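Colleague: Turn this into a structure:
(2 chains)
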Number of protein chains: 2
Amino acid sequence: MSCFIRRMAVSALALGLIAGPVLAQDAAAIRTAEQLRDKALSGSIAYPLVSELTTRFGPRLAGTASEQAAAAWGAETFRRLGFDNVKVETFPLAVWNRGINSVQIVGPFAQPLTAVALGGSSATPADGIEAEAVVFETYQSLLDAPEGSLTGKIAVVLQDTVQAQDGRGYGATSPIRGLGPTEAARRGAVGYVLRSLGTHDHRFAHAGATRVGEGTIPAFAISPPDADQLRRIAALDDTPVRLRLFSTASFTMDGRSQNVVGEIRGREKPDEVIVIGGHLDSWDLGTGAIDDGAGVAITAAALKLIEDLPRNPRRTIRVVWWGAEEVSQPPPAQGLAGARFYADSRRDEMANHVAISESDFGAERIYSLALPASAANSDLQKAAMRVLTPIGVLFDPAPATGGGPDTGPTVAMGVPAFRLNQDGSDYFDTHHTVDDVLDRIDPKAMDQNVAAWASFLWLLAESDVELRPTPGS
Amino acid sequence: MSCFIRRMAVSALALGLIAGPVLAQDAAAIRTAEQLRDKALSGSIAYPLVSELTTRFGPRLAGTASEQAAAAWGAETFRRLGFDNVKVETFPLAVWNRGINSVQIVGPFAQPLTAVALGGSSATPADGIEAEAVVFETYQSLLDAPEGSLTGKIAVVLQDTVQAQDGRGYGATSPIRGLGPTEAARRGAVGYVLRSLGTHDHRFAHAGATRVGEGTIPAFAISPPDADQLRRIAALDDTPVRLRLFSTASFTMDGRSQNVVGEIRGREKPDEVIVIGGHLDSWDLGTGAIDDGAGVAITAAALKLIEDLPRNPRRTIRVVWWGAEEVSQPPPAQGLAGARFYADSRRDEMANHVAISESDFGAERIYSLALPASAANSDLQKAAMRVLTPIGVLFDPAPATGGGPDTGPTVAMGVPAFRLNQDGSDYFDTHHTVDDVLDRIDPKAMDQNVAAWASFLWLLAESDVELRPTPGS
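Modeller: Residues are numbered from 1 along each chain as shown, chains lettered A, B, ... in the order given. Below is the predicted model of the structure:
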């Protein structure tokens, strides 16, 4: 939080500028929420938590010993923080191993490129793949290429990702990574290279999952400057560019991952559960600080502030550190392995799930709250904005339809989602790269996140608002 | 150049604000220098040159086929630009090959680090070196450690490099890279790791040369975030940190490198030579855009503007693209191989060398001109500042004692140096890393450099000022 925002919050509260008519039953809850907010702003445990997590365990690729050790530490941490019903819930996983990956320009102008194999991608033959590149400036132009037109070639897509506060640029380009290799293979390609889905111009290649299964080919991301270099080389010389791809990526089929679960039991309605969390696994390149060490730390720190209150919330609040979010699985399994396991193993409890939300968009400040359509103009919304406006959080007029990747399987079972939207303008500068390390995190911005989560969670846990759509609505 | 500076230049000239008494004999030279300056600002060939160089040849490690091919292209380019007496001058070199390098934390908290072997460093045994780390916060504390105190250990120095416009922070820490391995070995260490000499907090490790010869040990640089991580790990746990170092670095003893030389012959005093240039080799990680593709392009572009004038300068101006600047050589050879060869093979011509200067500090704007003490208050200084002040160049009251790394051996033979000092505040964010690529260069800033070089060179070539100290002074 900037000094400006902090000053604004203090002054606004002191002068009662944001005061308005408040329902009597909400007054106590709002007071407590404000206390939670201000306590978080004065310094929460979020930064120390993400520091310890990323320092102790470094990269936490799904299914590795590092992810498992981090989960054991997570459970121990939950118990130390005083959370109830702490569990590690294990599930099977096909574990992808990066192995050794490289992409080189063979000619003209031979040189190595900064590249990584996409998550879930397959190995090349032992002596690599050398072939002519066919360069597409946009993904659509690849889709427009006829079947057979890429036979024996390496398809290269140079489309850039647009920077946007809400990450919509990544939404637009992520099919290039997820589906591009399959689309290229369908047209005859033997290898696939894309410009990293990043919004910067530094020499970091971005990992990320691609589809696994029949009809895929070895697939790689090159850094944005390397994509620019490839474009210049293609323009400088009429000779077709030849690339050499190499990867020893593989799957270990009988692995496992796990979710870490803890909660604070509700004092009046313990069976009504609000679920929050982040994912504990990360890509193997960085130490997963912004993706998603920040999210697991922010949500646990928010719950810890509530745990420190003299009385429990009315409803139960549960924090889940999901495992294996960053995965693509061989069919018939699907991605979001931890989130699917969480939901599938609780089918009978879904009716008691009040709402779900995940913090998985970095560590920058929260700028808006999105609620389910059913909560529009509710007392909850009014109370929330009363508490959140002073710390720079707007109400998002678009209803929340999802609450983050790991909420997907639960939301699909009818559980309402809410979102505390973070400023993701710089998120795709870093995410999935070797540069996703603790140095990217501003502790003050994390505390603003904790302030928003803790205070909103209290209001939601105390509230009686019905977030599910009313039948027939 | 910023719009502000450009506007300032135009207005100042239009209003005659910078005008003053001008000696008659200088008036024509100043007019031409101003024309050169303004032509450069309107767009020079510097950026296209560095773009083509870095695109065609990628990394240009000293002694590699890539450096040789770049030199051949350089000579061809000089001829195409109309330069005289174009030559490639070859000299022997021991060529260092990076091989494969890695640094890992074995425990506590096992994880890989982003690391590179230092240039000239030796290989580890085939199964690597695993040993306990002894962490020094400053280089001085390593120097203070007694002999034998590091026996069987890996010495780690975490000292940070201070950011400074003139690069003095790097001057202060470069002995940590150059001499640290020898000092650690003298105290019994079997391996050496330093925090990269970088002024950023991103995950780029910086290459750079270290001393070669007896009494050295395998030596590596880790990225700044990895240095921070190591510090946190040491603080989190009492168990000593164990590291694993691996490197297959080696020398090929019978290699070669080369300088590329071209000039514009003087119309009145062809035997009086002003030497400028940059170095054509680069580290093997990036494509050597700011170090030193920018310098070779700026100096050649400046000479091209002079070549385009209707008449040649009075004195000869020579551009040299030195080879093998980024090297450390096994004794008895020394570093700066190309620069030494240039000077050693011209011992008899040094009396005719009027002055020398190199552009080797990136691609940012020039902010000051430094001249030899003998030129203080000379007509040359006055004319130069008249032309350069409007583009944001100050006069540096400290006399120039050197003119850049590759001028060293020539300056040591008594040739005066001058400097057009670039803003190097961000230079050590990038130099010697994989991120030293074309994307780091602002074409407008390059053109401001060309403007300063071309206009000052013209004034110097037309001038009669004596830059060598007068006998007895």
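
Colleague: can you count the residues close to A:P175?
Modeller: 12 (other Cβ atoms under 10 Å in any protein chain shown). C-betas here are computed from N, CA, C, even on glycine.

Colleague: tell me the SS of it?
Modeller: Here A:P175 takes the helix state, with states given by DSSP: H, G, I helix; E, B strand; the rest coil.

Colleague: isn't it right up against A:Y139?
Modeller: Yes: counting by Cβ atoms under 8 Å, A:P175 touches A:Y139, with 6.9 Å between them.

Colleague: Can you name the residues of the stretch 1-150 of chain A sitting close to chain B?
Modeller: A:51-52, A:54-59, A:66, A:105, A:109-112, A:114 (Cβ under 8 Å from any Cβ of the partner chain).

Colleague: Which ones among the residues you listed map onto strands?
Modeller: Those of these mapping onto strands are A:I105, A:Q111, A:P112, per DSSP state E.

Colleague: so what's the last one bridging to?
Modeller: Think A:P112. Beta-bridge pairing of A:P112 under DSSP bridges involves A:Q104.

Colleague: how about the helices in chain A?
Modeller: A:3-15, A:24-41, A:46-57, A:65-80, A:139-144, A:168-178, A:180-186, A:224-236, A:294-307, A:337-344, A:379-388, A:408-411, A:427-430, A:443-462 (DSSP state H).

Colleague: Would you format those as a markdown table with mean pLDDT included?
Modeller: Converted to a markdown table, the helices of chain A look like this (pLDDT from 0 to 100):
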| stretch | mean pLDDT |
| --- | --- |
| helix A:3-15 | 43 |
| helix A:24-41 | 91 |
| helix A:46-57 | 98 |
| helix A:65-80 | 98 |
| helix A:139-144 | 98 |
| helix A:168-178 | 95 |
| helix A:180-186 | 98 |
| helix A:224-236 | 96 |
| helix A:294-307 | 98 |
| helix A:337-344 | 98 |
| helix A:379-388 | 96 |
| helix A:408-411 | 98 |
| helix A:427-430 | 96 |
| helix A:443-462 | 98 |
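
Colleague: Could you export those helices as TSV, including distance to B:V95?
Modeller: Shown next, in TSV, are these (distance: least, Cβ to Cβ, whole Å):
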stretch	distance to B:V95
helix A:3-15	55
helix A:24-41	57
helix A:46-57	39
helix A:65-80	39
helix A:139-144	41
helix A:168-178	39
helix A:180-186	39
helix A:224-236	24
helix A:294-307	45
helix A:337-344	49
helix A:379-388	62
helix A:408-411	54
helix A:427-430	36
helix A:443-462	47
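
Colleague: check contacts around the residue nearest the centre of chain A.
Modeller: Chain A has A:D360 as the residue nearest its centroid, 3.4 Å off, counting by Cα atoms, centre = their mean. Listed by Cβ atoms under 8 Å, 6 or more residues apart in numbering or on different chains, the contact partners of A:D360 are A:G278, A:H279, A:D291, A:D292, A:G295, A:E325, A:G404, A:P405, A:D406.

Colleague: Thought A:F341 was touching the last one, still the case?
Modeller: No: taking Cβ under 8 Å as the definition, A:D406 is not a contact partner of A:F341, at 10.5 Å.

Colleague: Between the two, which is the more surrounded one?
Modeller: Set A:D406 next to A:F341 and count neighbours by other Cβ under 10 Å: A:D406 wins out with 31 against 22.

Colleague: Skipping adjacent residues, who's closest to that one in space?
Modeller: Ranked by Cβ to Cβ, 6 or more residues apart in numbering or on different chains and with sequence neighbours excluded, the top spatial neighbour of A:D406 is A:A339, at 3.8 Å.

Colleague: next one: A:T216
Modeller: A:P181 (5.0 Å).

Colleague: Report how many residues lie close to that neighbour.
Modeller: Neighbours of A:P181 using other Cβ under 10 Å come to 29.

Colleague: ditto for A:A412
Modeller: The number of residues near A:A412, taken as other Cβ under 10 Å, comes to 13.

Colleague: which residues touch it?
Modeller: A:A343.

Colleague: Give me the local confidence score for it.
Modeller: On the pLDDT scale, A:A412 is placed at 97.

Colleague: Ends of stretch A:347-360, what's the gap?
Modeller: Terminal residues of stretch A:347-360 are spaced 24 Å apart (Cα to Cα, to the nearest Å).

Colleague: Hmm, A:D292 is touching A:E325, no?
Modeller: Yes: using Cβ under 8 Å, A:D292 is in contact with A:E325, at 7.1 Å.

Colleague: Looking at these two, which one has more neighbours?
Modeller: Each of A:D292 and A:E325 has its neighbours counted (other Cβ under 10 Å); A:D292 has more, 34 against 26.

Colleague: tell me the contacts of that one?
Modeller: Applying Cβ under 8 Å, 6+ apart, the residues near A:D292 are A:G278, A:H279, A:L280, A:S282, A:E325, A:S359, A:D360.
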